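Asks: Can you look at this prediction? I've put the sequence above it.
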Amino acid sequence: MKNKIFLAIIGVIIYLIPIVTVILVSNEEIKKYQTPKMEFVDYAYGEIFQVEQKDVRENIVVNATAILDDTIAIPTNGNTIWIVDEGEEIKKSQTIGYCNGVSIKGQKNGIVKKIESNYIVLKTFENIMWETQVSEEKVRYFNESLYDRSGNKLEICSISNKVNDGKVTIRFKIENVIGKCGQKRNKMRLYTGNAFKNVLTVNKKCVVNKNGNYYVRIVDSHGVFQYEQQVDVGFESDGIICVTGLEEGEFCDGGFSEYIGSKSE
């Protein structure tokens with residue numbers, strides 16, 4: 001009887017061995033094909049910029065157009081047949097009309113502004129200046145000395161007393177810089193003599209405006225996101241912005257403003 005029980009147990013074990021083996025092998029195979037657990041890491045959206053301490057020169061950025069400001073009148077002794085039109089550009093030696101059979105010359109290079117029977121008005125190319133429109137709060141910059149990037153000083157010719165759509169027209173000349181009529185200079189940066197000393201700065205791309213509050217996205221040196229930091233912003237210059245609430249050497253995400261779609265303005 002004992003022998004029979006023993007043999008039965010042996011038989012069961014022999015029967016179970018392949019089943020257990022199949023189960024163990026299957027589990028090992030399943031493990032091979034299981035997707036490893038992924039740990040999510042949030043990286044910077046763009047280029048990484050470091051917070052720096054530096055001196056920042058105060059400046060204003062304007063768009064300016066070269067215009068003519070010298071006007072002359074060419075009179076005649078009677079009714080004249082003019083052969084030019086208003087708005088036409090003429091040369092100094094060019095015949096512009098006839099009076100009693102005598103030709104009338106242009107006298108100066110310029111553009112015809114007005115034509116009457118016995119005189120013509122020209123805006124000449126001899127006095128070219130720059131004209132810009134700035135907001136009312138920025139007019140103050142033009143009440144002090146201003147210089148371009150090369151250190152050439154501005155001579156303020158006129159500041160309008162009129163305000164159109166919140167803008168004031170200002171005309172100026174720049175020493176050593178002679179423009180051509182109609183020439184445009186966009187994003188012309190003009191510097192005052194003032195500077196902000198030893199201020200913390202970061203690239204403007206790092207700063208976003210969220211409902212009136214400003215934030216940067218702090219990352220480590222490899223671009224791994226750490227946290228968002230609220231900051232106070234100040235003067236802007238050449239693509240950088242003065243900030244408080246950060247420490248020198250910290251890294252900020254330069255793709256933050258583009259990703260959020262709300263820049264520091």
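Replies: Thanks, I have it. Just so it is clear, the structure is predicted and the values come from calculations on it, not from any experiment.

Asks: where does the stretch 101-250 of the chain dip in pLDDT?
Replies: Within the stretch 101-250 of the chain, no stretch has pLDDT under 70.

Asks: And the helices in the stretch 1-150 of the chain?
Replies: Under the criterion DSSP state H, counting those that start in this stretch, the stretch 1-150 of the chain contains helices at 2-33.

Asks: all strands of it, in order?
Replies: For the stretch 1-150 of the chain, applying DSSP state E, counting those that start in this stretch gives strands covering 48-50, 52-75, 81-82, 89-90, 95-99, 102-105, 110-115, 119-135.

Asks: Which of the ones you listed sits closest to residue 146?
Replies: Closest approach to residue 146 among those (Cβ to Cβ): strand 52-75, 7.6 Å. In short, each C-beta sits where N, CA and C put it, glycine included.

Asks: got the strands of the stretch 1-150 of the chain as CSV, with mean neighbour count columns?
Replies: Shown next, in CSV, are those (neighbours: other Cβ atoms under 10 Å):
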stretch, mean neighbour count
strand 48-50, 18
strand 52-75, 15
strand 81-82, 15
strand 89-90, 18
strand 95-99, 17
strand 102-105, 14
strand 110-115, 17
strand 119-135, 18
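
Asks: since we're on residue 161, how many residues are nearby?
Replies: Other residues lying near residue 161 total 7 when counted by other Cβ atoms under 10 Å.

Asks: can you tell me the helix or strand for it?
Replies: Here residue 161, judged by DSSP states H and E, is contained in no helix and no strand.

Asks: Distance of it relative to residue 142?
Replies: 13 Å (Cβ to Cβ, to the nearest Å).

Asks: repeat for residue 52
Replies: 30 Å.

Asks: my read: residue 213 touches residue 228, true?
Replies: No - contact criterion Cβ atoms under 8 Å: residue 213 and residue 228 do not qualify, at 10.6 Å.

Asks: And the two? Which one has more around it.
Replies: A side-by-side neighbour count of residue 213 and residue 228, using other Cβ under 10 Å, places residue 228 first with 14 against 10.

Asks: got the buried residues for whatever helix or strand that one lives in?
Replies: Using DSSP H and E, residue 228 falls within strand 225-237. Within strand 225-237, the residues that count as buried by 16 or more other Cβ atoms under 10 Å are 229, 231, 233, 236-237.

Asks: List just the nearest of those to residue 126.
Replies: Closest approach to residue 126 among those (Cβ to Cβ): residue 237, at 35.8 Å.

Asks: nearest spatial neighbour of the closest one, skipping sequence neighbours?
Replies: residue 56 (5.0 Å; Cβ to Cβ, 6 or more residues apart in numbering).

Asks: residue contacts, that neighbour?
Replies: 195-196, 199, 201, 235, 237, 240, 242 (Cβ atoms under 8 Å, 6 or more residues apart in numbering).

Asks: what about it, distance to residue 257?
Replies: Following Cβ to Cβ, the distance that separates residue 56 from residue 257 is 19 Å.

Asks: same thing with residue 201?
Replies: Applying Cβ to Cβ, the value for residue 201 to residue 257 is 15 Å.

Asks: any idea which of the buried residues of strand 225-237 is the one closest to residue 73?
Replies: Among the buried residues of strand 225-237, residue 237 lies closest to residue 73 (Cβ to Cβ), at 45.9 Å.

Asks: Test my guess that that closest one contacts residue 60.
Replies: No - counting by Cβ under 8 Å, residue 237 does not reach residue 60; the two are 9.8 Å apart.

Asks: What values do phi and psi take at the residue most central in space within the chain?
Replies: Nearest to the mean C-alpha position of the chain, counting by Cα atoms, centre = their mean, stands residue 239 at 7.0 Å. Main-chain torsions, residue 239, degrees, to the nearest 10: phi 90, psi 0.
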